[in-house]
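Participant: Could you work out the structure for the sequence below:
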Amino acid sequence: MARILTYNVHRCLGTDRRLDVARIADVIAECEADIVCLQELDVGRARSNGVDQAAEIASRLSMSVHFHPAMKVEAEEYGDAILTHRPERLVRAGALPTLRGVRGLETRGALWAAIDIDGVEVQVINTHLGLVPREQRAQAKALAGDKWLGDKACVGPTILTGDFNCTSLTRPYATLTKGLADAQRLLKLRPSVKTFPSAFPAIRIDHFFVSREVTPLSIFAPLSPLARAASDHLPLVMEFSIA
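Facilitator: Sure, this is the predicted structure:
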């Protein structure tokens, strides 16, 4: 049995407009996760005082970390990370498709780590999709394709997670659930666990998609005052076993 967390940390800027990496680490620590998947991290950016947020959070949690910069502006980076205290190896990190000729879009990416859970290697892919539906559809198609979920190395227990910026009523969701199952649907949770916005969570856009070898046991989002203030998303946590 293990526990995985996905969390859009909003560059560690809280709903109180306070930039606080330690607070984000404290929220994660309270959840006692074995695997931590984070989105919207700043690394070396002036707006967040030049801090390597991925490395700082990993250090505070005593975890290894793999960071992928979905966006680079000279020496400044912004992207996603996978952290764990379990044995692991990075399989892939790369960009996802974007729309040409559309101004103001942030580039997006994904990273994939193989993580040992009690002697079984679990494929964990963390991502953050864009905001435009047509862009999301292209990105979901890429994730389902031969570089990610369709890769020959992506076998056995598999978890795709992150901030998908889309609900269960959308086409990107439908694309991803052709090969994987929505963990909340498997648990038949009523009401579903929502994570955005953190102050009054009403929308389900952070997801866990799992292969048949992964059995979700529980899913929750902490509602403590600390979690509500630390980011504009709540973390989403899944406890699971491997068949």
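
Participant: Does anything pack onto whichever helix or strand residue 185 is part of? Which helices or strands?
Facilitator: Applying DSSP states H and E as the criterion places residue 185 in helix 183-187. With contacts taken as 3 or more C-beta pairs under 8 Å, 6 or more residues apart in numbering; DSSP states H and E, helix 183-187 sits against strand 206-210, strand 214-220. (Glycine included, C-beta is placed from N, CA and C.)

Participant: What pairs with the last one, parallel or antiparallel?
Facilitator: Here strand 214-220 has these sheet partners by DSSP bridges: strand 236-242 (antiparallel).

Participant: mind listing what's buried in the partner strand?
Facilitator: Within strand 236-242, the residues that qualify as buried are 236-240, 242, counting by 16 or more other C-beta atoms under 10 Å.

Participant: now do stretch 32-39
Facilitator: With burial defined by 16+ other C-beta under 10 Å, the residues of stretch 32-39 counted as buried are 33-39.

Participant: Find the pair from those residues with maximum spatial separation.
Facilitator: Using C-beta to C-beta, the two most remote members of those are 34 and 39, lying 18.4 Å apart.

Participant: What separation do you get for the closest residue to residue 216 other than its chain neighbours and residue 159?
Facilitator: With C-beta to C-beta, 6 or more residues apart in numbering as the measure, residue 183 is the residue that lies nearest to residue 216, at 4.1 Å, once sequence neighbours are left out. Relative to residue 159, residue 183 is positioned 8 Å away (criterion: C-beta to C-beta, to the nearest Å).

Participant: and for these two, which residues touch both?
Facilitator: With contacts taken as C-beta atoms under 8 Å, 6 or more residues apart in numbering, residue 183 and residue 159 have 208-210, 214, 240 as neighbours in common.

Participant: Restricted to buried residues, select the residues you listed in ChimeraX.
Facilitator: One line in ChimeraX is enough to select the buried ones among the shared contacts of residue 183 and residue 159; burial here means 16+ other C-beta under 10 Å:
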select :208,209,210,214,240
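
Participant: which among the shared contacts of residue 183 and residue 159 gets closest to residue 148?
Facilitator: When the shared contacts of residue 183 and residue 159 are compared for distance to residue 148 (C-beta to C-beta), residue 209 comes out closest, at 11.6 Å.
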